[in-house]
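A.B. asks: okay, here's the prediction I keep looking at, along with the sequence it came from:
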Amino acid sequence: MSDSQRDLGFLLTIIVGGLIFGFGLGLSNMARPEVVIDFLQFDDFGLVFVMGGAAVVTGIVFALAETFGDRAPLTGTNYGRRLKSFDKNVVTGGVIFGAGWGISGICPGAAYASLGVGNYPILIAIGGMFLGAYLQGLWRARRTESAAVGTSAD
């Protein structure tokens with residue numbers, strides 16, 4: 001398989017997966033902020049079943065993936081866990097993510113699907129996500145540069 005064919009197949013798989021994901025969020029009403037806010041206020045537990053169903057399907061796929069092969073079909077990379085340390089950055093990022101989720105009533109994946117159900121004011125939250133990611137990138141780059149300058153002076 002040539003690289004251009006693999007790239008096209010990979011892109012199509014991502015698009016189809018995203019469409020299925022977005023359709024599922026729209027069908028389950030999880031792309032509506034009022035439903036998510038009701039869940040966060042313990043008034044509606046439908047989100048638990050949607051997330052639980054997704055976790056079961058994902059678990060089955062991950063369990064069976066290595067049974068049928070040791071490499072990802074589209075990328076050819078080996079299957080494996082990527083372990084990330086649990087540190088203050090993870091906690092801080094989680095708190096900021098949770099605050100944004102609570103304020104906007106929608107998580108980032110569902111925010112895009114929310115556009116498909118006519119929730120155009122969510123564009124403000126999506127703009128905030130992009131701005132926050134950009135600012136975090138700037139902050140991390142400056143922090144890395146200052147750490148590199150501090151170690152080179154020794």
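C.D. replies: In hand now; what should we look at? Numbering: from 1, shown residues only.
A.B. asks: do I have it right that residue 38 meets residue 44?
C.D. replies: Yes: the pair residue 38 / residue 44 is scored as a contact, 3.9 Å apart, by Cβ atoms under 8 Å. No exception for glycine: its C-beta is placed from N, CA and C like everyone else's.
A.B. asks: pLDDT on the helix or strand in which residue 52 is found, on average?
C.D. replies: Using DSSP states H and E, residue 52 maps to helix 46-68. The average pLDDT within helix 46-68 is 84.
A.B. asks: Provide the backbone phi and psi angles at the residue most central in space within the chain.
C.D. replies: Nearest to the geometric centre of the chain sits residue 109, at 5.8 Å (Cα atoms, centre = their mean). Residue 109 has phi and psi values of phi -60, psi -40 when expressed as degrees, to the nearest 10.
A.B. asks: if I look at it, what pLDDT would I see?
C.D. replies: 78.
A.B. asks: residue ranges of the helices in this structure, please?
C.D. replies: Remark: helices assigned in the chain by DSSP state H are 3-27, 33-40, 46-68, 88-104, 108-116, 122-152.
A.B. asks: okay, buried residues for the first one please.
C.D. replies: Read that as helix 3-27. Buried residues in helix 3-27, counted by 16 or more other Cβ atoms under 10 Å: 22, 25, 26.
A.B. asks: quick one: the lowest-mean-pLDDT helix or strand in the chain to chain centroid distance?
C.D. replies: When each helix and strand of the chain is scored by mean pLDDT, DSSP states H and E, helix 3-27 comes last, with a mean of 80. Offset of helix 3-27 from its chain centre (Cα atoms, centre = their mean, to the nearest Å): 15 Å.
A.B. asks: how many degrees apart are it and helix 46-68 in direction?
C.D. replies: 150 degrees (axes from the mean of the first three to the mean of the last three Cα atoms, to 10 degrees).
A.B. asks: just checking, what packs against helix 3-27?
C.D. replies: Under the contact definition 3 or more Cβ pairs under 8 Å, 6 or more residues apart in numbering; DSSP states H and E, helix 3-27 sits against helix 108-116.
A.B. asks: can you list contacts of the helix it packs on?
C.D. replies: With contacts defined as Cβ atoms under 8 Å, 6 or more residues apart in numbering, helix 108-116 is touched by 21-22, 25-26, 30-33, 36, 104, 106, 122-123, 125-126, 129.
A.B. asks: residue 75: which of the residues you listed is nearest?
C.D. replies: residue 21 (19.0 Å; Cβ to Cβ).
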